[in-house]
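Chemist: show me how the following folds:
(2 chains, ligands or ions: 2)
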Amino acid sequence: MSVRIADVAVVGGGIVGAACADAFSADGLSVELIEAGIVGGGASAAGMGHLTVMDDSEAQFALTSFSLRLWKRLETALPAEVEYSRCGTLWVAADDEEMAEVERKRQFYTLRGVTAETLDARQVAEAEPNLRPGLAGGLLVPGDRVIYAPCAAAWLVKRAIAGGARVRTGVRAVSTDASMGAGMVTLSDGGRVSAKHIVDATGAASPDLVRPRKGHLAITDRYAGFVRHQVVELGYLKSAHGHDIESVAFNVQPRATGQVLIGSSRQYGIGDSRVDAHLLARMLRRAVEYMPRIATLSVVRAWTGFRAATPDSLPLIGPSPRNGQVLLATGHEGLGITTSLGTARLLADWVAGRKPPIPIEPYLPTRFPAEVHRG
Amino acid sequence: MVEILVNGKVVRVAPGTTVAAAVLIAGEERFRHSVRGEPRGPLCGMGICFECCVTIDGRPNLRSCQMPCRDGMEVVTAVFNEG
Ligand SMILES: Cc1cc2nc3c(=O)[nH]c(=O)nc-3n(C[C@H](O)[C@H](O)[C@H](O)COP(=O)(O)OP(=O)(O)OC[C@H]3O[C@@H](n4cnc5c(N)ncnc54)[C@H](O)[C@@H]3O)c2cc1C
Ligand code: FES
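Modeler: Ligands and ions are numbered 1, 2, ... in the order given. Below is the predicted model:
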């Protein structure tokens, strides 16, 4: 089999790999994208597509807010099937303790130029009439967005192809070998790609430092207007970003079709992708606690996906400590749809030797000692 | 006979008649709209295709072919629902 030659070989055609292929090809580099299945069919097809600015750490804020700005630049270019929605996020507070969190969050965002508005109990009820009565209030972040990620990935890949990128689907990279300024990717069909840079965008399949964290989602039939914002419980921060073995949180999203997307769960240590009926039931009960009428809707489908979790909840962006020819673009956990564009931009700037708009250091894989990396 | 309302219009049918049949008797052909706004109506008649969904007594997306008419039922189809 022949050896194809490219400046960059991107392994993995999820939203992150798609964004990387697009960014490198926009820089005039020749790109070869290798995807084992179909473009946008991995975690990117399983996720919610909530584009959200997060405040768990300064580094997470920097990457999410930078990435959201990049998404907003695309909003007029994205085709209708990407279902770009300006619905914003409503964080709901159940009690006074969570209202204190609303205030902390509001200050954090406001200080950094992100519009956020505190809602009292009455305003929250007006904003989302299907929420149960008696909630303490909430925080409205109107700038957050929602997309349908598989179509966004497909569109980014299409743009990369228009820029000269070549895409191979249905073939997996079985090994990468890199030394002395050139890398070689061997494919499952026996083909090989020689590239100056190899981007590992394989998501939860990436062997380096990431742990798969399983999630469940369910989607209802069409009930237009049932929910208006991406609505997320504030307990989310406590449960989802904690490192419990298993947790569920109330998180619902209006789809352009009128369907309601209901999330979510987080589980470590499960390799099996089957829907776990008990956890699904727990997740739906949580949703019903916040929106009782959800119990009257019919769910048409439930599925799972695997997030790529890292020890410090920040992604891995930059040269692998084991092999500098391999650039990691993984470890995005529950935010990879949001942070795909920022990730791609940081890597493209790194390869081009340009100063990135935000510092790359917090995300460099070398922040972990080499011996911690498996693989 | 059983009396139901289809989009505000009184329809009288024999007991055991399905809502789908009553909607057709009322002269309504658009039961619901597809995501792209195309008109849809009963196809399989046996609860499989979900093309016959209507709103019954305020509950949306119920399969009219699987629902017997009950006295006083209020049925709304897509044309009325979605304008
Ligand atoms: C339930 C759930 C809800 C989520 N909600 C959100 C959300 O609302 N907002 C948000 O921003 N993020 C969300 N996420 C996270 C988001 O889905 C992921 O972070 C993101 O999709 C990661 O994209 P990726 O391209 O890295 O991975 P993937 O989409 O998994 O893509 C990796 C690709 O690599 C391919 N691959 C793997 N190994 C090989 C190989 N050896 N050779 C070739 N190809 C290979 C796979 O086939 C796959 O297509 C959610 C995740 C889950 C599970
Ligand atoms: S006609 Fe097919 S489900 Fe009713």
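
Chemist: for A:Gly163, which non-adjacent residue is closest in space?
Modeler: The shortest distance from A:Gly163 to any non-neighbouring residue, by Cβ to Cβ, 6 or more residues apart in numbering or on different chains, is to A:Ser25 (3.7 Å). Just so you know, the C-beta spots here come from the backbone N, C-alpha and C atoms, and that holds for glycine as well.

Chemist: what helix or strand is the one you found located in?
Modeler: A:Ser25 is located in helix A:15-26, with elements delineated by DSSP states H and E.

Chemist: burial of residue 23, as a residue count?
Modeler: As the question left the chain open, I've gone with chain A. 28 (other Cβ atoms under 10 Å in any protein chain shown).

Chemist: wrong one, I was asking about chain B
Modeler: So B:Val23, with other Cβ under 10 Å, has 27 neighbours.

Chemist: what sits against it?
Modeler: Contact partners of B:Val23, counting by Cβ atoms under 8 Å, 6 or more residues apart in numbering or on different chains, are B:Val6, B:Phe31, B:Val54, B:Ser64, B:Val75, B:Thr77.

Chemist: repeat that with 10 Å
Modeler: B:4, B:6-7, B:11, B:29-31, B:41-42, B:52, B:54, B:64-65, B:69, B:75-77 (Cβ atoms under 10 Å, 6 or more residues apart in numbering or on different chains).

Chemist: mind checking which of these are in strands?
Modeler: Judged by DSSP state E, the contacts of B:Val23 include B:Ile4, B:Val6, B:Val11, B:Val54, B:Val75, B:Val76 as members of strands.

Chemist: can you pull the contacts of the third one?
Modeler: If you count contacts by Cβ under 10 Å, 6+ apart, B:Val11 has them with B:1-5, B:17, B:19, B:21-28, B:69, B:73, B:75.

Chemist: how does it look with 8 Å?
Modeler: B:Glu3, B:Ile4, B:Leu5, B:Ala22, B:Ile25, B:Ala26.

Chemist: and the helix holding A:Ser25, what does it pack onto?
Modeler: Based on contacts counted as 3 or more Cβ pairs under 8 Å, 6 or more residues apart in numbering or on different chains; DSSP states H and E, the elements that helix A:15-26 packs against are strand A:3-11, strand A:31-35, helix A:149-162, strand A:192-200, strand A:326-330, helix A:336-352.

Chemist: for ligand 1, find the nearest of those.
Modeler: Nearest to ligand 1, of all the helices and strands packed on helix A:15-26, is helix A:336-352, at 2.1 Å by Cβ to the nearest ligand atom.

Chemist: other SSEs contacting the closest one?
Modeler: Secondary elements touching helix A:336-352 (3+ Cβ pairs under 8 Å, 6+ apart): helix A:15-26, helix A:43-46, strand A:50-51, helix A:58-74, strand A:316-319, strand A:326-330.

Chemist: buried residues in that helix?
Modeler: Using 16 or more other Cβ atoms under 10 Å in any protein chain shown as the test for burial, helix A:336-352 gives A:336-351.

Chemist: run through the bridge partners of B:Thr55.
Modeler: B:Thr55 has these beta-bridge partners by DSSP bridges: B:Val76.

Chemist: give the bridge partners for B:Lys9, please.
Modeler: Note on B:Lys9: beta-bridge partners by DSSP bridges are B:Val6.

Chemist: how close does it sit to B:Glu74?
Modeler: B:Lys9 is 11 Å from B:Glu74, where distance means Cβ to Cβ, to the nearest Å.

Chemist: cool, B:Glu3 as well?
Modeler: For B:Glu3, the distance to B:Glu74 - Cβ to Cβ - is 11 Å.

Chemist: next: A:Ala152.
Modeler: According to Cβ to Cβ, A:Ala152 stands 41 Å off from B:Glu74.

Chemist: go on, A:Leu316?
Modeler: Relative to B:Glu74, A:Leu316 is positioned 57 Å away (Cβ to Cβ).

Chemist: for the two, indicate the residue with more neighbours.
Modeler: Just comparing A:Leu316 and B:Glu74: by other Cβ under 10 Å the higher neighbour count belongs to A:Leu316, 27 against 13.

Chemist: pLDDT averaged over the longest helix along chain B - what is it?
Modeler: Scanning chain B for the longest helix, with DSSP state H as the assignment, gives helix B:19-25. Averaging pLDDT along helix B:19-25 yields 97.

Chemist: and that helix, C-alpha only, in PDB?
Modeler: Taking C-alpha atoms only, helix B:19-25 is exported to PDB below (Å, rounded to 0.1, in the frame of the first residue of the first chain):
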ATOM      1  CA  VAL B  19     -60.000   8.900  17.300                       C
ATOM      2  CA  ALA B  20     -58.200   8.500  14.000                       C
ATOM      3  CA  ALA B  21     -61.400   7.500  12.300                       C
ATOM      4  CA  ALA B  22     -63.300  10.400  14.000                       C
ATOM      5  CA  VAL B  23     -60.700  12.900  12.900                       C
ATOM      6  CA  LEU B  24     -61.100  11.700   9.300                       C
ATOM      7  CA  ILE B  25     -64.900  11.800   9.600                       C
END
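
Chemist: you'd agree B:Asn7 is up against B:Val79?
Modeler: Yes. B:Asn7 lies in contact with B:Val79 (Cβ atoms under 8 Å); the separation is 7.2 Å.

Chemist: export the helices and strands packed on helix A:15-26 to CSV and tack on distance to A:Gly305 and mean pLDDT?
Modeler: Shown next, in CSV, are these (distance: least, Cβ to Cβ, whole Å; pLDDT from 0 to 100):
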stretch, distance to A:Gly305, mean pLDDT
strand A:3-11, 19, 96
strand A:31-35, 16, 98
helix A:149-162, 11, 98
strand A:192-200, 19, 95
strand A:326-330, 14, 96
helix A:336-352, 11, 98
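
Chemist: dihedrals phi and psi, the residue of chain B positioned farthest from its centre?
Modeler: Most distant residue from the mean C-alpha position of chain B: B:Arg36, 19.9 Å away (Cα atoms, centre = their mean). Dihedral pair for B:Arg36: phi -90, psi 10, per degrees, to the nearest 10.

Chemist: got it, and A:Tyr290?
Modeler: Torsion angles at A:Tyr290 (phi, psi; degrees, to the nearest 10) stand at phi -90, psi -40.

Chemist: measure it to ligand 1 for me?
Modeler: A:Tyr290 sits 17 Å away from ligand 1, going by Cβ to the nearest ligand atom, to the nearest Å.

Chemist: check contacts around that residue.
Modeler: A:Val92, A:Leu131, A:Arg132, A:Leu135, A:Val231, A:Glu233, A:Phe250.
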